[in-house]
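Participant: the sequence and its predicted three-dimensional model are supplied below.
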Amino acid sequence: MIPSYDDLTPGIPDVVDAETVKRLEIFFYRQLPSPPRGLIDPTAPAEPRQPPAPPLDLGSSPQLYACVACQRPTTDRQPQTADRQPETANRQPQTADRGPQTLLAIARDFSPRIMRVGEGEVLLDVGGLGRLIGDPPAIARELRRAIADAEADAAVAIAPTQTMARLLAAEGHDYPIERFAEIPVARLQPLETLPAAMNHRDRARPYLTLEKWGIATLGDLAALPAADLSSRLGRRGVALQRLARGLDPRPFVPDAETPRYIGRLELEWPIEQLEPLSFVLARLLEPLAIALERADRGAAAIHLALRLTDRTSHARVLQLPAAMRDPRVLRTLLLLDLEARPPSPLCGFGGTEAAVAAIDVVEIELDPAPARITQFSLLQRALPSPETLSTLTARLSALVGESRVGSATLLDSHAPDAFDLRRYAPEADAAAPVGATGAKGASGAMGAGATGAAPAGATGATGAMGATGAMGATGAMGATGAMGATGATGAAGALVLRRQRVPPAIRVSVEHGRPVHLASSRRGMPSGAVIKAAGPWRSSGGWWTTQTELPPKGGSHTSSEHAWNRDEWDVALKNGVVCRIYQDRTTERWFLEGMYD
Amino acid sequence: MRAALESLLRAKKLDVTLTATPGALAPPPDRLAPTGSPELDAALGGGLRRGHLSEITGVPSSGRSTLAVDAIAAATDRGEAAALVDTCDTFDPASAADRGVTLSRLLWVRESGDAPRALKAFSLILQAGGFGLVLLDLADVSPVALRRFPWTTWMRIARIVEGSDTAALLVGGERIARSAGGVTIALEPTPGAWQGTTHRARVFTGVVPAPRVVTRA
């Protein structure tokens, strides 16, 4: 009794349909040479050589697979491919990174059933493309054209089985299927599924044995009697022969497409107010959140599309600071965003005017991202969660304005009050060891203190010198002097200024070159006799810009872009208030910069 | 007997209305938020009490902002998140950074003088939770505007922060409000520290706060 493959390799299922197996048997029987004489039975006479095999009719094949494989520089290919090697090697760095992704995109364009089988190697089920594109050569041409358009370098092969397609594609561009039997046996190595722990010697052992036997090509291996091969090389030998005969070791399992999380609702009655819309949003978001949870995903961004009754549409994209899937949080963020940016100015969102464009279609799409893993510390208090911070920031932005909530970042500038507001994200900073930041601040302040501590007298001299010195030098030295005044005593005693963001104009009486009295017309502003004064600290900069000094009004401060040229004074008033004032040297007007507190 | 009762109430988280008396049980260290000023912390028994509303009061240039910034610096240095509702937009980030504040851990809400809106922002932050210290700077708000707030407002704020890990702090010119377990830190007017004799050689080296714990509950 001749054992079958099922008996010899029970672990490998027979995944190729019977008709394809029969066709392949005919193909190999007509094509393959006889087994080497004397290997199996030295006394047996050699069989006469079979006539040349007819071409394999791919068009009538019930199964058809295409393999698209990135081309890599090879050293052991046939001579004709070696000629192209320098060109391929030159192209490799450009396409190496984007190649696999490009191939995936191309494959998805051609077939919904694709399977990634290796790095830069994609299998497509092209069995149903005959009516759309044409016969297999036409499909291959279209694939090659798409690859060329994408400026990628990949070989395309179409065959009735996955294994054949992969082996043909590995042989390079336009390798004919009729020469399948001439492919070296060593090409099977990447297709084998072996235990990860198997060492290199064991992996190479059957190939060395086959080489000793004189089995060099797939045709040679396919022609060997399976039972005898099994008795000598075991199951692995039979598995190799199956591969050599083009049989698939495992079924084609299409990659699951990246699922899209979309919810859409067409409303019977258009919505004009936020409150009813919140129920619609909840109805859409809750199933999406459940789907995300099942897939262990969170939403990285929310795409909201509203279609209005006037046939216009309103689209918003909310980028979330972290992957989240709490439907209440997502709904709140959407509502707050809609409150700040209503779909239509006249729409009734939060207003009393009649609605002219209500909403009749709501669509939400969530961009999935890997779910967040949070590790709390036993030694450190937990920071607010990203969900909490997102909601809080959105609420605060709706209350006071988007540009007035965040964390301050000092700008690298000598300009007064140079800072920027950024999104508040304490978690991004949480990795820093506690205490290091304090030390950093201390060292920074110490540096500033050292500058100013040097010498108050010298700083005064700077001010005097600045009056006659060059503009650039005045700016630089004056700025240093001002910083020294601020950080005179280092971190422990650094001054805290209550800054007037829009410095109010004040009236200052000057005697003997120093202020002696302050007066202001505004209520609550400090005024009175000056009992102590220190200065002037000359500060100037930004003179290379064309704009004159403009007090910043809200939002991010970019005062470094404006020119300033001033003499600053620290003055103590009779009523105990210590404030910083300055005289603009361009207009000679006095302003109150802030009060020390 | 009183100690046993207080311990029982704390265990049930019903201790918010307890008033402190000499010899009473001090709150555990993890329920205190040090202010960054060793002398003041010693006077407060370790720091501001979490879950309570406290206040810093004083005239301009008495060191109110210095104490507040030091408390923020201490909180951010401990790795906590802090928030400042700046009612009149007078916070100076450069000064705060010089005092050791980690600005990236400070949520700064800049209001342009609207005290009710600032109060709403303050209450939103307290409701969100997760912050170690939340400040509401009302120092430049006129007393008249502050008195317009109904007294229930502050009760509501105290109720929000009650039992949480957040120390809520008000900064004002005069006493505003505090919860039963909160403290009032009053700052006396002090002359600033100066170095040098003539105005060209003189340097103002800073305000020296003179805090006094007026009431400690």
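Facilitator: Sure thing, it's come through.
Participant: for chain B, what spans make up the strands?
Facilitator: Here chain B has its strands, by DSSP state E, at B:32-33, B:48-49, B:53-58, B:82-86, B:106-110, B:133-137, B:167-172, B:183-187, B:193-195, B:203-206, B:211-216.
Participant: out of these, which gets the lowest mean score?
Facilitator: Note on the strands of chain B: lowest mean pLDDT is at strand B:211-216, with a mean of 76.
Participant: with distance to chain A and mean neighbour count added, can I get the strands of chain B in JSON lines?
Facilitator: C-beta: built from backbone N, CA, C; applies to glycine. Formatted as JSON lines, the strands of chain B follow (distance: least, CB to the nearest CB, whole Å; neighbours: other CB atoms under 10 Å in any protein chain shown):
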{"stretch": "strand B:32-33", "distance to chain A": "10", "mean neighbour count": "23"}
{"stretch": "strand B:48-49", "distance to chain A": "15", "mean neighbour count": "26"}
{"stretch": "strand B:53-58", "distance to chain A": "8", "mean neighbour count": "27"}
{"stretch": "strand B:82-86", "distance to chain A": "9", "mean neighbour count": "28"}
{"stretch": "strand B:106-110", "distance to chain A": "4", "mean neighbour count": "26"}
{"stretch": "strand B:133-137", "distance to chain A": "9", "mean neighbour count": "27"}
{"stretch": "strand B:167-172", "distance to chain A": "9", "mean neighbour count": "27"}
{"stretch": "strand B:183-187", "distance to chain A": "9", "mean neighbour count": "23"}
{"stretch": "strand B:193-195", "distance to chain A": "6", "mean neighbour count": "15"}
{"stretch": "strand B:203-206", "distance to chain A": "4", "mean neighbour count": "24"}
{"stretch": "strand B:211-216", "distance to chain A": "13", "mean neighbour count": "16"}
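Participant: mind putting the ones you listed in JSON lines, distance to B:T153 included?
Facilitator: Formatted as JSON lines, the strands of chain B follow (distance: least, CB to CB, whole Å):
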{"stretch": "strand B:32-33", "distance to B:T153": "23"}
{"stretch": "strand B:48-49", "distance to B:T153": "20"}
{"stretch": "strand B:53-58", "distance to B:T153": "11"}
{"stretch": "strand B:82-86", "distance to B:T153": "14"}
{"stretch": "strand B:106-110", "distance to B:T153": "18"}
{"stretch": "strand B:133-137", "distance to B:T153": "11"}
{"stretch": "strand B:167-172", "distance to B:T153": "12"}
{"stretch": "strand B:183-187", "distance to B:T153": "17"}
{"stretch": "strand B:193-195", "distance to B:T153": "38"}
{"stretch": "strand B:203-206", "distance to B:T153": "34"}
{"stretch": "strand B:211-216", "distance to B:T153": "20"}
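Participant: out of those, nearest to A:G298?
Facilitator: A:G298 lies closest, by CB to CB, to one member of the strands of chain B: strand B:106-110, at 23.0 Å.
Participant: distance between that closest one and the chain's centre?
Facilitator: Offset of strand B:106-110 from its chain centre (CA atoms, centre = their mean, to the nearest Å): 15 Å.
Participant: and it, which strands flank it?
Facilitator: Applying DSSP bridges, strand B:106-110 is found paired with strand A:405-410 (antiparallel), strand B:82-86 (parallel).
Participant: redo the ones you listed as a markdown table? Include distance to B:Q195.
Facilitator: Formatted as a markdown table, the strands paired with strand B:106-110 follow (distance: least, CB to CB, whole Å):
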| stretch | distance to B:Q195 |
| --- | --- |
| strand A:405-410 | 26 |
| strand B:82-86 | 30 |
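Participant: quick one, which of those is nearest to A:A529?
Facilitator: Of all the strands paired with strand B:106-110, strand B:82-86 comes closest under CB to CB, at 30.4 Å.
Participant: remind me what the host helix or strand of A:L267 packs against, helices and strands.
Facilitator: Assigned by DSSP states H and E, A:L267 belongs to strand A:261-271. For strand A:261-271, the helices and strands in contact under the criterion 3 or more CB pairs under 8 Å, 6 or more residues apart in numbering or on different chains; DSSP states H and E are helix A:274-294, strand A:359-370.
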